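Trainee: model this:
(one chain, ligands or ions: 2)
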Amino acid sequence: MDAKITLLPGDGIGPDIVAETRKVLDVVAVKYGHSFSYTEQLIGGIAIDETGVALPEATLGACLNSDAVLMGSVGGPKWDDPRAKVRPEQGILGLRKGLNVFANVRPVKVFDALADASPLKSERVKGVDLIILRELTGGIYFGSPQGRDVGENGRFGYNTMIYNEVEIRRIVEIAFDLARKRRKKVTSVDKANVLATSRVWREVAQEVADENPDIEYEVVLVDAMAMYLINKPAAYDVVVTGNLFGDILSDEASMITGSLGMLPSASLGLPGTPGLYEPIHGSAPDIAGKGIANPLATILSAAMMLRSSLDLDEEAMAMETAVSQVLAAGHRTADIAKSGEKTVGTTAMGDLVIEALG
Ligand code: IPM
Ligand code: MG
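Mentor: Ligands and ions are numbered 1, 2, ... in the order given. Predicted structure coming up:
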């Protein structure tokens, strides 16, 4: 197959890990007889420096015109001023909205070889294999009005949390579709005891659940869910929730594995539109350019890209198996090494994955 892929290296370690992943993709292409063509575009801080905005029109245009988008990471101390008019995060948020990728899939799976990296007791972590399915283009992230002003009590800020039933239904339906191919359980997370938005969410989610009686369904309040993710994470399969709750719970869930540097993500829109793939970790500016960043979360994101946007299941599986084998053989980048353990750099880790691909 011929596929057009837009690469968005971004800031910090983004360029290192995206370059490494491209190297692996090229080997997969040769091995399986595909042709991947790439266009590289600016996003985030580097885009602000070079063009004045975090998401240049050329970037969104290239992304819309490709089969899939692979992003590194954005942001860094240089662009951190909270009062700045342009911020790197606007790049990601604009891209999510521009691509209409409303379904953010964040798998949390414990690699056997890294089971003891978790801060949780190993008996709790055993068997954890869940997906946080986060609504990504609505809710309080995008609700209007939002802004800041000055009133009789001084400065104030405001945001609007809003969901309509079309937005709720389409993300909850995806949860049921995902669960059907997995362990057949959906957990919808809301704050229906307080928020009107959540009460509509719960009503619509229940309607979708009624249409999918083959799937076990439960509802959990978000504060309780924060607790359950720590004390019984293996009980969950697909956890579906809104934008803000999903942001928070997915960071929490990533810690179950103890290795943030390992977790990929996919953001998907309507069938036939380009998906957006990125590691869930940040730009780690402190180690940028040192050649020690862990490229595995980006490589695993590229595997999700092959599966979900390009329909290349076998190739995706081969990449995932290669990563497991490299870990099982004991190779570690600094972020996932135990103290005293020998480590490899970004390029060497990419080479090891390539070697394991055979
Ligand atoms: C994430 C990040 C983003 C978000 C930031 C960088 C805007 O935290 O992808 O989870 O809040 O969605
Ligand atoms: Mg986040």
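Trainee: going by C-alpha atoms from here, please, whenever you check contacts or count neighbours.
Mentor: Will do.
Trainee: what residues sit buried inside the worst-scoring helix or strand of the chain on mean pLDDT?
Mentor: The weakest-scoring helix or strand in the chain, judged by mean pLDDT, DSSP states H and E, is helix 122-125 (a mean of 89). Residues of helix 122-125 classed as buried: R124, V125 (neighbour count, 16 or more other CA atoms under 10 Å).
Trainee: could you point out the helix or strand that follows it?
Mentor: Later in the chain than helix 122-125, the nearest helix or strand by DSSP states H and E is strand 129-135.
Trainee: contacts for that following strand, please.
Mentor: Contacting residues not belonging to strand 129-135 are listed as 102-110, 171, 175, 234, 236-243, 245-247, 249-250 [CA atoms under 8 Å, 6 or more residues apart in numbering].
Trainee: and if you look at stretch 14-34?
Mentor: 1-3, 7-9, 35-36, 70-74, 283, 288-289, 291, 293-295, 298-299, 302, 315, 346-347, 350, 353-354, 357.
Trainee: just the ones in strands from those residues, please.
Mentor: Counted as lying in strands by DSSP state E, out of these, are D2, A3, L7, L8, P9, S35, F36, L70, M71, G72, S73.
Trainee: show me where the chain has strands.
Mentor: According to DSSP E, the strands that the chain contains are 2-10, 35-40, 68-73, 103-109, 129-135, 147-151, 154-158, 185-190, 216-221, 238-241, 264-268, 275-279.
Trainee: who does the fourth one pair with, and is each partner parallel or antiparallel?
Mentor: What it means is strand 103-109. strand 129-135 (antiparallel), strand 264-268 (antiparallel) (DSSP bridges).
Trainee: quick check: buried residues in that strand?
Mentor: So, applying 16+ other CA under 10 Å, buried residues of strand 103-109: A103, N104, V105, R106, P107, V108, K109.
Trainee: distance from the chain centre to stretch 33-41, please.
Mentor: 21 Å (CA atoms, centre = their mean, to the nearest Å).
Trainee: the nearest residue to V108 once chain neighbours are set aside - how many residues pack around it?
Mentor: Take V108 and drop its neighbours on the chain: the residue closest to it by CA to CA, 6 or more residues apart in numbering is L130, 5.3 Å away. L130 has 22 neighbouring residues, counting by other CA atoms under 10 Å.
Trainee: show me what contacts Y236?
Mentor: Per CA under 8 Å, 6+ apart, neighbours of Y236: V128, D129, L130, K185, V186, T187.
Trainee: am I right that the fifth one is in contact with E173?
Mentor: No - with contact taken as CA atoms under 8 Å, V186 and E173 are classed as non-touching, separated by 10.3 Å.
Trainee: ok, these two, which is more surrounded?
Mentor: V186 (25 against 17).
Trainee: okay, domains of this structure per the record?
Mentor: Domain ranges of the chain: 1-104+256-358, 129-255, per automatic domain parsing.
Trainee: got those domains as CSV, with distance to A117 and mean pLDDT columns?
Mentor: Output for the domains of the chain, formatted as CSV (distance: least, CA to CA, whole Å; pLDDT from 0 to 100):
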stretch, distance to A117, mean pLDDT
domain 1-104+256-358, 5, 96
domain 129-255, 10, 97
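Trainee: pLDDT score for D112?
Mentor: pLDDT for D112: 83.
Trainee: re earlier: out of the strands paired with strand 103-109, flag the one nearest Q90.
Mentor: strand 264-268 (16.4 Å; CA to CA).
Trainee: show me what the residue most central in space within the chain bridges to in the sheet.
Mentor: Against the mean C-alpha coordinate of the chain, by CA atoms, centre = their mean, the closest residue is S265 at 2.9 Å. Assessed by DSSP bridges, S265 has beta-bridge partners E278.
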